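> Take this sequence and fold it.
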Amino acid sequence: MSALFACSRCFSRHPFEELSQGQQLCKECRGSFPIVKCTYCRSEFQQESKGNTSTICKKCEFNVKQYGKPSACEYCNIIAAFIGNKCQRCTNSEKKYGPPLSCEQCKQKCAFDRKDEDKKKVDGKMLCWLCTLSYRRALAKTKHSERHSSNSKSKEQHQHSSSAHNHHHHNKRPQRPDVTKVGFGDKEEPGPPTKVFRPMINREALVDPNSSDHVVALTELREQVATLQKQLTGKDNQLLTKEKQITELKAAQFRMEQEHRTKMRTVQKDYDAKTDVLQQRIKGLQKEVAVLKKANNARPVKETRDMKEFLSASLTAASSSTPTTIKSRGSRSGSDSDSPS
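Okay, here's the model as predicted:
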């Protein structure tokens, strides 16, 4: 008998495959609160209340509040890189196990060599974390379907054996002689007991439709869908990166245009101010030139007036001094004639 494990909420015993990953809850406890996958780290967690329909685990919610929205990891393409370009799982695995290798399922370089013991759990394949989870989930479903089919087969065999036992017990009763043939002398010997015809039960119909082949095919399809979703997520991230670059370039261009416009306005203001100053200086100089012209025009008139006044004064002085000089000359000449020769 396989070992049983306790549910972490109701403490009832169940096989390990029936308990949820992470919180180890049974089906009844899981039914009360649904189990969802985190939008960022893709790990399964159970919602604690029916009113809370958030699809982000507590750890990622704390990281979003502290570091903001994450970007895609450069290894596994999961949108959980809160710090740098790698998620915390790939960062820790790289520190512990070395550089990543290519996954044999999704062909991405996000698998880490976790020694031989972990490889035995996935049949020696080099798988990444998401592919390992999907592989183990497929194995668990296969085991569950095989267990269900074996239980149905055992029940069928038990019912068949019990019906055969009842039929054999019914045939042990003594046979009554045929009353219609008593008087005829010849008696027929009793033959072997007649077998009751029972239709054969189709065992293939009792087998669970989710057989191992179907589960493996379904798992492969799901893995292909997951791979395509990863590729789509990568393309979306590339488009977001391109759109972000385009937005940054547009913002830089708009900022440069604003700077150029501001610079042109400043230059225009400086030019207008300098032009006003120069025009005011020109007006002042023109006024000074006009004043100087007026002064220059008034100066010759004044000089000529002064010269005229000076000449008239000199002429009057000369006219007054001429008779005295003549008289003095005549007296001097008479005295000279009176003197003896």
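> going forward, measure contacts and count neighbours with C-alpha atoms only.
Noted.
> The helix or strand harbouring residue 219 - contacts with which helices or strands?
According to DSSP states H and E, residue 219 maps onto helix 212-338. Here helix 212-338 touches helix 129-171, going by 3 or more CA pairs under 8 Å, 6 or more residues apart in numbering; DSSP states H and E.
> what is the mean pLDDT for the helix it packs on?
For helix 129-171, mean pLDDT rounds to 69.
> Name the residues of stretch 262-279 that are buried.
For stretch 262-279, burial by neighbour count (16 or more other CA atoms under 10 Å) applies to no residue.
> CA atoms only for it, dumped as CSV, please.
Written as CSV, here are the backbone C-alpha positions of stretch 262-279 (Å, rounded to 0.1, in the frame of the first residue of the first chain):
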residue,chain,number,x,y,z
THR,A,262,12.5,77.8,-26.2
LYS,A,263,16.0,78.7,-27.6
MET,A,264,14.5,80.5,-30.6
ARG,A,265,12.2,82.4,-28.4
THR,A,266,15.1,83.4,-26.1
VAL,A,267,17.2,84.5,-29.1
GLN,A,268,14.2,86.4,-30.6
LYS,A,269,13.7,88.2,-27.2
ASP,A,270,17.4,89.0,-27.0
TYR,A,271,17.4,90.3,-30.6
ASP,A,272,14.3,92.4,-30.0
ALA,A,273,15.9,93.9,-26.8
LYS,A,274,19.1,94.7,-28.5
THR,A,275,17.3,96.2,-31.4
ASP,A,276,15.3,98.4,-29.1
VAL,A,277,18.4,99.5,-27.3
LEU,A,278,20.2,100.3,-30.6
GLN,A,279,17.1,102.2,-31.9
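> ok, and residue 75, which helix or strand is that part of?
Under DSSP H and E, no helix or strand contains residue 75.
> Spatially, which residue comes closest to it, not counting chain neighbours?
Distances taken as CA to CA, 6 or more residues apart in numbering put residue 110 closest to residue 75, at 5.0 Å, once the chain neighbours are dropped.
> just checking, the one you found touches residue 98?
No. Using CA atoms under 8 Å, residue 110 is not in contact with residue 98, being 11.4 Å away.
> More neighbours: the two, which one.
It is residue 110, of residue 110 and residue 98, that has more neighbours when counted by other CA atoms under 10 Å, with 24 against 13.
> Which of the three states applies to residue 69?
coil (DSSP: H, G, I helix; E, B strand; the rest coil).
> I'd like the distance between the residue nearest to it when sequence neighbours are not counted and residue 65.
Leaving aside its sequence neighbours, residue 69 sits nearest to residue 82 (CA to CA, 6+ apart; 7.0 Å). Distance, residue 82 to residue 65, by CA to CA, to the nearest Å: 11 Å.
> The two: which has the busier surroundings?
residue 82 (21 against 9).
> Where does the prediction get shaky in the stretch 1-150 of the chain?
1, 21-22, 30-34, 48-53, 116-122, 148 (pLDDT under 70).
> returning to that earlier point: for the record, mean pLDDT for the helix holding residue 219?
Mean pLDDT, helix 212-338: 81.
> End to end on stretch 3-23, go ahead and measure it.
18 Å.
> Touching it from outside, list them.
Contacts to stretch 3-23, defined as CA atoms under 8 Å, 6 or more residues apart in numbering, come from residues 2, 24, 25, 26, 27, 29, 30, 44, 45, 46, 140.
> What is the burial count for the third one?
What that stands for is residue 25. 25.
> can you confirm it is in a helix?
No. According to three-state DSSP, residue 25 belongs to no helix; its state is coil.
> if I pick it, what's in contact with it?
By CA under 8 Å, 6+ apart, the contact set of residue 25 is 7, 8, 9, 19.
> Pull out the buried members of these.
In the contacts of residue 25, burial by neighbour count holds for 7, 19, counting by 16+ other CA under 10 Å.
> Save the contacts of residue 25 as CSV, and put in distance to residue 267 and secondary structure too.
Below are those laid out as CSV (distance: CA to CA, whole Å; DSSP: H, G, I helix; E, B strand; the rest coil):
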residue, distance to residue 267, secondary structure
7, 77, coil
8, 75, coil
9, 75, coil
19, 75, coil
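> Check the gap between the closest residue to residue 13 other than its chain neighbours and residue 28 for me.
Among residues not flanking residue 13 along the chain, residue 6 sits closest, at 4.5 Å (CA to CA, 6+ apart). Residue 6 sits 13 Å away from residue 28, taking CA to CA as the criterion.
> So for the two, which residue has more residues nearby?
Neighbour count, other CA under 10 Å: between residue 6 and residue 28, residue 6 has more, with 16 against 10.
> And that one, its phi and psi?
phi -90, psi 140 (degrees, to the nearest 10).
> Dihedrals phi and psi, residue 25?
phi -110, psi 150.
> just residue 111 next, same as before
phi -100, psi 150.
> Give the bridge partners for it, please.
residue 101 (DSSP bridges).
> Surely it is in contact with residue 100?
Yes. Residue 111 lies in contact with residue 100 (CA under 8 Å); the separation is 5.3 Å.
> quick one: which of those two has more around it?
residue 111 (28 against 18).
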